[in-house]
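Trainee: take this sequence and fold it.
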Amino acid sequence: MTREPTVDLGSALLPQIAGTGDDYWAWVHRSVKPKGSLRIFPSDLLELLSHVPWWLVPIVWVPAVAVLAVLAVGPLGVPAFRVLLLALVGVALWTLLEYVLHRFVFHYRPRSAFGRRLHFLAHGIHHLDPWDRTRLVFPPLAALPIAGSVFLALHGATLLLAPAEATGTAVALMVGVLVGYVVYDMTHYYTHHARPKGRWGKFLKAYHLAHHHKWPERMYGVSQPLWDLVFRTGRPS
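Mentor: Residues are numbered from 1 along each chain as shown. Take a look at the predicted model:
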């Protein structure tokens with residue numbers, strides 16, 4: 001039988017996470033609603049850096065998308081129409097990456113004290129308090145190495161398929177991947193804090209909130225449910 005770990009929500013949480021042991025998984029998915037933000041770090045500086053406003057995502061990544069698109073069409077000489085087609089492929093690739101990251105990375109069950117701390121920082125705090133507006137979108141500094149790794153993977157794949165056009169193709173694909181990412185993070189914020197009027201917005205909000213409050217190990221799609229349908233991880237029948 002799972003017991004409730006002894007965690008003081010009024011104190012810095014990260015030093016306490018290791019002590020939750022095997023009860024961590026159930027505890028972190030219980031969804032609390034404190035009056036303010038839960039404190040993660042004892043350090044005031046680290047605590048400040050752990051809060052990320054939603055608007056920082058488009059401010060950082062929309063210009064990056066524009067620079068990559070100009071680079072692809074200009075110095076790298078990729079025709080504009082081909083950049084558009086490759087960007088659409090990149091958006092499609094992002095939807096799969098979104099699913100894989102959410103299911104296999106953010107919902108990986110940690111077995112060690114270090115793993116619990118890492119999971120809590122990456123995704124656990126969001127499930128513990130899904131109402132916190134500044135702990136929802138992904139911090140740009142943390143996203144940079146992921147984006148770099150994705151680009152290197154795309155460049156390696158295109159080197160095998162079309163060596164002469166590898167860099168331009170990878171950059172154009174990355175345009176779409178980043179567009180998909182921005183849409184995902186803005187959709188994520190929207191599903192938690194907006195009041196949708198349209199049918200699609202209402203569906204996405206209900207779908208994602210069901211992931212939080214009913215089935216945290218299902219319904220991994222945030223911007224769309226496509227890969228949940230493919231891999232049969234959607235709403236239980």
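Trainee: off-centre distance for stretch 202-220?
Mentor: Put simply, stretch 202-220 sits 15 Å off its chain's centre (CA atoms, centre = their mean, to the nearest Å).
Trainee: which parts of that stretch are buried?
Mentor: Within stretch 202-220, the residues that count as buried by 16 or more other CB atoms under 10 Å are 204-205, 207-208, 210-212, 216, 218-220. Just so you know, the C-beta spots here come from the backbone N, C-alpha and C atoms, and that holds for glycine as well.
Trainee: do stretch 34-51 as well
Mentor: Using 16+ other CB under 10 Å as the test for burial, stretch 34-51 gives 37-41, 50.
Trainee: give me the residues contacting it.
Mentor: For stretch 34-51, contacts defined as CB atoms under 8 Å, 6 or more residues apart in numbering pick out 9-15, 32, 120-121, 125, 128-129, 132, 134-135, 139.
Trainee: between the two ends of it, how far is it?
Mentor: 16 Å (CA to CA, to the nearest Å).
Trainee: pLDDT on it, on average?
Mentor: Regarding stretch 34-51, the rounded mean pLDDT is 95.
Trainee: what does stretch 192-204 give?
Mentor: Stretch 192-204 shows a mean pLDDT of 96.
Trainee: could you list the low-pLDDT ranges of this structure?
Mentor: The model of the chain has pLDDT under 70 over residues 1-4.
Trainee: redo that, cut-off 50
Mentor: Residue ranges of the chain with pLDDT under 50: 1.
Trainee: which residue is most remote from the mean position of this structure?
Mentor: residue 164 (32.9 Å; CA atoms, centre = their mean).
Trainee: and that one, how far from residue 73?
Mentor: Distance, residue 164 to residue 73, by CB to CB, to the nearest Å: 17 Å.
Trainee: taking the buried residues of stretch 202-220 one by one, which sit in helices?
Mentor: Among those, the members falling in helices (DSSP state H) are 204-205, 207-208, 210-212.
Trainee: closest one of these to residue 194?
Mentor: When these are compared for distance to residue 194 (CB to CB), residue 205 wins out at 7.4 Å.
Trainee: the residue lying closest to the closest one once chain neighbours are set aside: helix or strand, and which one exactly?
Mentor: Spatial nearest neighbour of residue 205, chain neighbours left out: residue 191 (4.5 Å); criterion: CB to CB, 6 or more residues apart in numbering. Per DSSP states H and E: residue 191 is located in helix 166-193.
Trainee: ditto for residue 154
Mentor: Using DSSP H and E, residue 154 falls in helix 140-161.
Trainee: if we look at that helix, which residues are touching it?
Mentor: 52, 56-57, 60-61, 97, 165-167, 169-171, 173-174, 177-178, 181.
Trainee: same thing but 7 Å
Mentor: 56, 60, 166-167, 169-170, 173-174, 177 (CB atoms under 7 Å, 6 or more residues apart in numbering).
Trainee: try stretch 173-187
Mentor: With CB under 7 Å, 6+ apart, stretch 173-187 has contacts from 57-58, 61-62, 64-65, 68-69, 72, 83, 86-91, 93-95, 98, 137-138, 150-151, 154, 204, 222-223.
Trainee: which pair in the contacts of helix 140-161 has the greatest spatial separation?
Mentor: Going by CB to CB, the pair spanning the contacts of helix 140-161 furthest: 56 and 166, at 31.6 Å.
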